[in-house]
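**Q** I'd like to go over a predicted model; first the sequence, then the structure.
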Amino acid sequence: MDQLISSISKKEDIRTRFAPSPTGFLQLGNLRTALFAYLFAKNNNGIFVLRIEDTDKERSTTEYEKAILETLKWVGLLWDEGPEVEGAYGPYRQSEKLDVYEKYLKQLLNENKAFYCFCSENELETYRQYQLSQGQSTAYSGKCRNISLSEAEKRIKEGEKAIIRFKNMVIEPVIFDDMIRGKTEFDPQLIGDFSIARGLRSPLFNFCNVIDDFDMKITHVVRGEDHVSNTPSQIMLQKALGFSSLKYAHLPMILAPDHSKLSKRHGAVPVLEYRDKGYLPEALINFLVLLGWHPEDDREIFTIKNLVKEFSLDRVQKSGAVFDQQRLDWLNGFYIRNLAIENLTKKCLPFLIEGNLIKIVEESIPLQLIPAVTEESWQEQKYEIIETKEIVDFSYLAKIISLYQQRLKKLSEIVDLTDFFFKELSSLSVELLRWKQMSNEEIKESLKKLKEILEKIKPEDWQKQNLENILMPEAEKMGDRGKLLWPLRVSLSGKEFSASPFDLADVLGKEKTIKRIKEALKIL
RNA sequence: GCCCCUAUCGUCUAGUGGCUAGGACGCUAGGUUCUCAACCUAGCAACACCGGUUCGACUCCGGUUGGGGGCGCCA
């Protein structure tokens, strides 16, 4: 009985797939497609399959494939079946399935459901232009569809070039019920005899797709709206091959701010670049899911776990969504602010290292291997400040980073924000030191006063709260606190914007603090 | 040109015949504050248009306009 139940539920298991072609890096639009396919599968306790569509030998590379896998792993969209993990319905790379495709191609050819077409590309293009000029839709003329298989094979043997087309005999409209867009109908006449292979060993997208979805027992195809018009062709092929039909869900596109296609300038950037700039995968996922999907209430912050629970395709939008960089940045900042400081520090360290501010002391670990350093070991390392050769530990760096946690929108910003802790100030100017209308003389007075007061503080009392207790009353006395606090903060940071002077002095320590005040005095 | 889809603040969206049309990002103002950020408060801001249907339309129907996708020996 139990077995029966499990076999029934197994039969009904939902299986989705993400099928990128390794002809470039994974971009935001693709990633959102993967996300929705993943969420739909997981929401239904189903299987998420990754398939690499590398039939285009010219453009596909293993580097791109690796990058795609890396991207999916980074954001946490782990596949149940596919490259590296494998599974029962592989291979999961189209380039490894050429024999399978050939078998089906031959079947179609023998059953007279496909034919060889000898038309040249030039000829085809000319005819297309003619159709366009006549206000007709562009479908194949049908010129070669009645060449017999034996004659075609003879001509090929003699060296003629031919591709394989599907012999489209369908008359009735092709109808499917899209899970997002509802009933969708196409006239097969307008599609005509579409191409399915360049040759027996060189199948094309529409064809492979149908074979693979069948082989991999895919139940639901979740993909971008740009595939809507491929759907009727694929359905006709399924029928011709005797395959069962599947469910489709076509996702709306992601648009650039000017409503055009996502371009290099806007969003069509490899997802890994977002990682390298310091976006958190949680933020990116949260951002992407809201581009076209919305829960029943007003919540906007979601972990992937929550999404798996709540996602549903019937709350997916039908129209395209504009990519909003500011919203992404806000979300990323939100997630950064909510990170535990140890965690944030670990994530920032690679940027500080990359920015040549610090390095890991242990000489045994080559720099190239740093990304491989385990999360835990970050805390045990010692770090050398490159310019001063000082050795500091994790908690010291954590303290610096904590001062800027609420100011970060991307992790990469930590370098410019905190560089003055690791380097001498390079560009301190009198103008920068000036608070409102203070005269040079007044600035000088303020700094001298600070120097005197601070020098008296014992090193063991050098703590933020103490410094504040001592300096605030002094600042108060001057009527305008800024007269004291602004020059202090600027002389320590060299920056117009920064954390509070007490924080800076605390982290810098007595010696460096006084040294920097003296240096500021020198330029006055 | 042909086919398909779509339409609520600038942006992401809630809304399914009767709502002061809600939230979030952004923006503006104020508070906090030495600065910036964060935070708090307030504000500005939308149903593309034209016809129907209906006692009543953002919601239903038709059209117009705008936007998107597709029309490969790419995927």
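**A** Arrived safely.
**Q** Quick check: A:Leu450 touching A:Trp486?
**A** No - using CB atoms under 8 Å, A:Leu450 is not in contact with A:Trp486; the gap is 11.3 Å. From N, CA and C alone the C-beta is placed, and that goes for glycine too.
**Q** Show me which of those two is the more surrounded one.
**A** Set A:Leu450 next to A:Trp486 and count neighbours by other CB atoms under 10 Å: A:Leu450 wins out with 25 against 22.
**Q** Helix or strand for that one, just tell me which one.
**A** Assessed by DSSP states H and E, A:Leu450 sits inside helix A:440-456.
**Q** packing partners for that helix?
**A** Contact here means 3 or more CB pairs under 8 Å, 6 or more residues apart in numbering; DSSP states H and E; on that basis helix A:440-456 packs against helix A:430-433, helix A:464-477, helix A:482-493, helix A:501-522.
**Q** tell me the most buried of those?
**A** Among the helices and strands packed on helix A:440-456, ranked by average contacts under mean count of other CB atoms under 10 Å, first place goes to helix A:482-493 (a mean of 24).
**Q** need the contact list for A:Pro22.
**A** If you count contacts by CB atoms under 8 Å, 6 or more residues apart in numbering, A:Pro22 has them with A:52-54, A:60-62, A:64-65, A:68.
**Q** Just want the most central residue of chain A.
**A** Nearest to the geometric centre of chain A sits A:Val271, at 3.1 Å (CA atoms, centre = their mean).
**Q** Quick check: it touching A:Leu26?
**A** Yes - contact criterion CB under 8 Å: A:Val271 and A:Leu26 qualify, at 5.1 Å.
**Q** what's the overlap in contacts for those two?
**A** A:Thr71.
**Q** Which helix or which strand is home to the closest residue to A:Trp378 other than its chain neighbours?
**A** Excluding the flanking residues, the one nearest A:Trp378 by CB to CB, 6 or more residues apart in numbering is A:Lys346, at 4.6 Å. When elements are assigned from DSSP H and E, A:Lys346 belongs to helix A:341-354.
**Q** May I have that helix as CSV, with CA atoms only?
**A** The C-alpha coordinates for helix A:341-354 follow below in CSV (Å, rounded to 0.1, in the frame of the first residue of the first chain):
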residue,chain,number,x,y,z
ILE,A,341,29.2,41.9,12.3
GLU,A,342,31.4,38.8,12.1
ASN,A,343,29.6,37.7,9.1
LEU,A,344,29.8,41.1,7.4
THR,A,345,33.5,41.4,8.3
LYS,A,346,34.2,38.0,6.6
LYS,A,347,32.5,39.2,3.5
CYS,A,348,34.4,42.6,3.5
LEU,A,349,37.8,41.2,4.1
PRO,A,350,38.4,40.0,0.5
PHE,A,351,37.6,43.5,-0.7
LEU,A,352,40.1,45.0,1.7
ILE,A,353,42.7,42.5,0.5
GLU,A,354,41.8,43.1,-3.1
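**Q** What are the contacting residues of it?
**A** A:278, A:280, A:336, A:339, A:358-360, A:367, A:370-371, A:375, A:378-379, A:383, A:394, A:397-398, A:401-402, A:405, A:411-412, A:414-415, A:418, A:422.
**Q** burial of the residue lying closest to A:Trp330 once chain neighbours are set aside, as a residue count?
**A** Spatial nearest neighbour of A:Trp330, excluding adjacent residues (CB to CB, 6+ apart): A:Lys409 at 7.7 Å. A:Lys409 has 19 neighbouring residues, counting by other CB under 10 Å.
**Q** repeat for A:Asp276
**A** 15.
**Q** Who are the contact partners of the nearest residue to it once chain neighbours are set aside?
**A** What sits nearest to A:Asp276 in space, not counting adjacent residues and going by CB to CB, 6+ apart, is A:Ser412, at 7.7 Å. Contacts for A:Ser412 were tallied using CB under 8 Å, 6+ apart; they are A:276-278, A:351.
**Q** near RNA strand B, from the residues you listed?
**A** The overlap between those and the neighbours of RNA strand B (CB under 7 Å from any atom of the strand) is empty.
**Q** quick one: which of these sit in strands?
**A** With DSSP state E as the criterion, strands contain none of those.
**Q** Are any of those buried, and if so which?
**A** A:278, A:351 (16 or more other CB atoms under 10 Å).
**Q** and of the contacts of A:Ser412, the nearest to RNA strand B?
**A** Nearest to RNA strand B, judged by CB to the nearest atom of the strand, of the contacts of A:Ser412 is A:Gly278 at 14.8 Å.
**Q** Which residue is the nearest non-sequential neighbour of that closest one?
**A** Nearest non-adjacent residue to A:Gly278 (CB to CB, 6+ apart): A:Leu411, at 2.8 Å.
**Q** Now that the one you found has come up, it's in contact with A:Ile336, right?
**A** Yes - between A:Leu411 and A:Ile336 there is a contact under CB under 8 Å: 7.2 Å.
**Q** overlap in contacts of those two?
**A** In contact with both A:Leu411 and A:Ile336: A:Leu280, using CB under 8 Å, 6+ apart.
**Q** the more surrounded of the two?
**A** The residue with more neighbours, out of A:Leu411 and A:Ile336, is A:Ile336; 27 against 24, by other CB under 10 Å.
**Q** where does that one land in three-state SS?
**A** helix (DSSP: H, G, I helix; E, B strand; the rest coil).
**Q** What separation do you get for it and RNA strand B?
**A** Distance of A:Ile336 to RNA strand B, computed by CB to the nearest atom of the strand, to the nearest Å: 10 Å.
**Q** Equivalent analysis for A:Gln27, please.
**A** The spacing between A:Gln27 and RNA strand B, counted by CB to the nearest atom of the strand, is 12 Å.
**Q** how many neighbours does the nearest residue to that residue once chain neighbours are set aside have?
**A** Spatial nearest neighbour of A:Gln27, chain neighbours left out: A:Ala268 (5.3 Å); criterion: CB to CB, 6+ apart. When neighbours are counted by other CB under 10 Å, A:Ala268 registers 18.
**Q** Please list all residues in contact with A:Ala268.
**A** A:Ala268 neighbours (CB under 8 Å, 6+ apart): A:27-29, A:256, A:261-262.
**Q** just those now: which is nearest A:Phe176?
**A** Using CB to CB, A:Gly29 is the member of these that sits closest to A:Phe176, with 22.7 Å.
**Q** Get me the contact residues on the stretch 351-500 of chain A for RNA strand B.
**A** A:406-407, A:435, A:475, A:481-482, A:485-486, A:489, A:496-500.
**Q** and if you look at the stretch 1-150 of chain A?
**A** In this structure, the stretch 1-150 of chain A approaches RNA strand B at residues A:19-21, A:23, A:53, A:55-56, A:59, A:119-121, A:124, A:128, A:132, A:135-139, judged by CB under 7 Å from any atom of the strand.
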